[in-house]
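Undergrad: Okay, predicted coordinates and the sequence, questions at the end:
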Amino acid sequence: MSTDLSAEPTESQRPQQQQTVQVQVKDEDAIACYANFCRVTGSPEELIVDFGLNPQPVGIPKDPIFVKQRIIMNFFTAKRLLAALQMSIQRHEAVFGVLETDIQKRLRVQNPNS
């Protein structure tokens, strides 16, 4: 029995390669707004992500935070969003340093007299 090692592998023998797909996006009518607050809730089928502006980012706000945008997505889309956000944050931190999410720690670092 002999095997021809120079033969091209068959379709089933080739390793699976991911193809980069370009998706066309039209964003002319997109509305941009700023948010420094988000809340995630949901059900067994979907996630609800609310975005708003917290006018008092330190401590517990005295006034209610008004939700300005609500995004509802299934868990598959949420997982893809999570991966995209993780990749973007890793790239940012690689260039600019680690992002500290605890505002109390950030305030202590900025105030050398503490």
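TA: Cool, got the structure.
Undergrad: Dead centre of this structure: give me the residue that sits there.
TA: Closest to where the C-alpha atoms of the chain average out (C-alpha atoms, centre = their mean) is residue 85, at 2.4 Å.
Undergrad: Going by secondary structure, that one is in what exactly?
TA: Here residue 85 sits within helix 75-96, counting by DSSP states H and E.
Undergrad: List the buried residues in that helix.
TA: Neighbour-count burial for helix 75-96 flags residue 78 (criterion: 16 or more other C-beta atoms under 10 Å). (Each C-beta comes from the backbone N, C-alpha and C, glycine too.)
Undergrad: For the helix or strand of the chain with the lowest mean pLDDT, list the C-alpha coordinates in PDB.
TA: Sorted by mean pLDDT, DSSP states H and E, the helices and strands of the chain end with helix 103-110, the least confident at a mean of 72. Taking Å, rounded to 0.1, in the frame of the first residue of the first chain, the C-alpha atoms of helix 103-110 are listed here in PDB:
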ATOM      1  CA  ILE A 103     -13.800  55.500  41.100                       C
ATOM      2  CA  GLN A 104     -12.600  55.800  44.700                       C
ATOM      3  CA  LYS A 105      -9.300  54.300  43.800                       C
ATOM      4  CA  ARG A 106      -9.000  56.700  40.800                       C
ATOM      5  CA  LEU A 107      -9.700  59.600  43.100                       C
ATOM      6  CA  ARG A 108      -7.100  58.500  45.600                       C
ATOM      7  CA  VAL A 109      -4.400  58.200  42.900                       C
ATOM      8  CA  GLN A 110      -5.100  61.700  41.500                       C
END
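Undergrad: Alright, I will stop here.
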